[in-house]
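Participant: The following comprises the amino acid sequence and a computationally predicted model.
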Amino acid sequence: MTTLINPVNYTELHTPDPERARAFYTELFAWKAEETETPMGPYTSFEGVLAGLTKNRGGVPTGWVPYVDVQDVAKATRRARELGATVLRECVSIPEGTFSVIQDPTGGVLGLFQKNG
């Protein structure tokens, strides 16, 4: 029997129009949105859902980005680059941990996330 492991811990929409996206998803799914101010600007979290949205920053294209848990985000980011990935967002520290965003050699976008502690 195979044990399934889900390393995806969060999904985030990067969009040029956060207000329009927030209105769309709150209406479509009845998600409750909570906006907070961060050093990078306004951020929307959806209550009870492991998802949020933010304005496009740092070369990350519009779309949903899944974030994968890693032990060492700097090491994983370097290894992704060695394997042909483009680093769209270098490592950024936030209160919950550190993340980066990569684009694999085929164009897929993925976030790498290392939790604090």
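Facilitator: Here it is on my side, so go on.

Participant: which of the residues in stretch 107-117 are buried?
Facilitator: For stretch 107-117, burial by neighbour count (16 or more other CB atoms under 10 Å) applies to 109, 110, 111, 112, 113, 114. Every residue, glycine included, has its C-beta placed from N, CA and C.

Participant: As JSON lines, the residues you listed with distance to residue 68 would be great.
Facilitator: JSON lines is the format used below for the buried residues of stretch 107-117 (distance: CB to CB, whole Å):
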{"residue": "109", "distance to residue 68": "12"}
{"residue": "110", "distance to residue 68": "6"}
{"residue": "111", "distance to residue 68": "7"}
{"residue": "112", "distance to residue 68": "6"}
{"residue": "113", "distance to residue 68": "7"}
{"residue": "114", "distance to residue 68": "10"}
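
Participant: any chance of those in a markdown table, with pLDDT and distance to residue 77 too?
Facilitator: Shown next, in a markdown table, are the buried residues of stretch 107-117 (pLDDT from 0 to 100; distance: CB to CB, whole Å):
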| residue | pLDDT | distance to residue 77 |
| --- | --- | --- |
| 109 | 95 | 14 |
| 110 | 95 | 11 |
| 111 | 96 | 10 |
| 112 | 96 | 6 |
| 113 | 95 | 11 |
| 114 | 95 | 10 |
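
Participant: List every C-alpha atom in the top helix by length along the chain, with coordinates, as PDB.
Facilitator: The longest helix of the chain (DSSP state H) is helix 18-29. Extracted C-alpha coordinates of helix 18-29, given in PDB (Å, rounded to 0.1, in the frame of the first residue of the first chain):
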ATOM      1  CA  PRO A  18      -6.800  41.900  -6.300                       C
ATOM      2  CA  GLU A  19     -10.100  43.700  -5.700                       C
ATOM      3  CA  ARG A  20     -11.800  42.100  -8.700                       C
ATOM      4  CA  ALA A  21     -10.400  38.700  -7.900                       C
ATOM      5  CA  ARG A  22     -11.600  39.000  -4.300                       C
ATOM      6  CA  ALA A  23     -15.100  39.900  -5.400                       C
ATOM      7  CA  PHE A  24     -15.200  37.000  -7.800                       C
ATOM      8  CA  TYR A  25     -14.100  34.300  -5.400                       C
ATOM      9  CA  THR A  26     -16.200  35.600  -2.500                       C
ATOM     10  CA  GLU A  27     -19.200  35.600  -4.700                       C
ATOM     11  CA  LEU A  28     -18.500  32.300  -6.500                       C
ATOM     12  CA  PHE A  29     -17.700  30.200  -3.400                       C
END
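
Participant: No further queries at this time; thank you.
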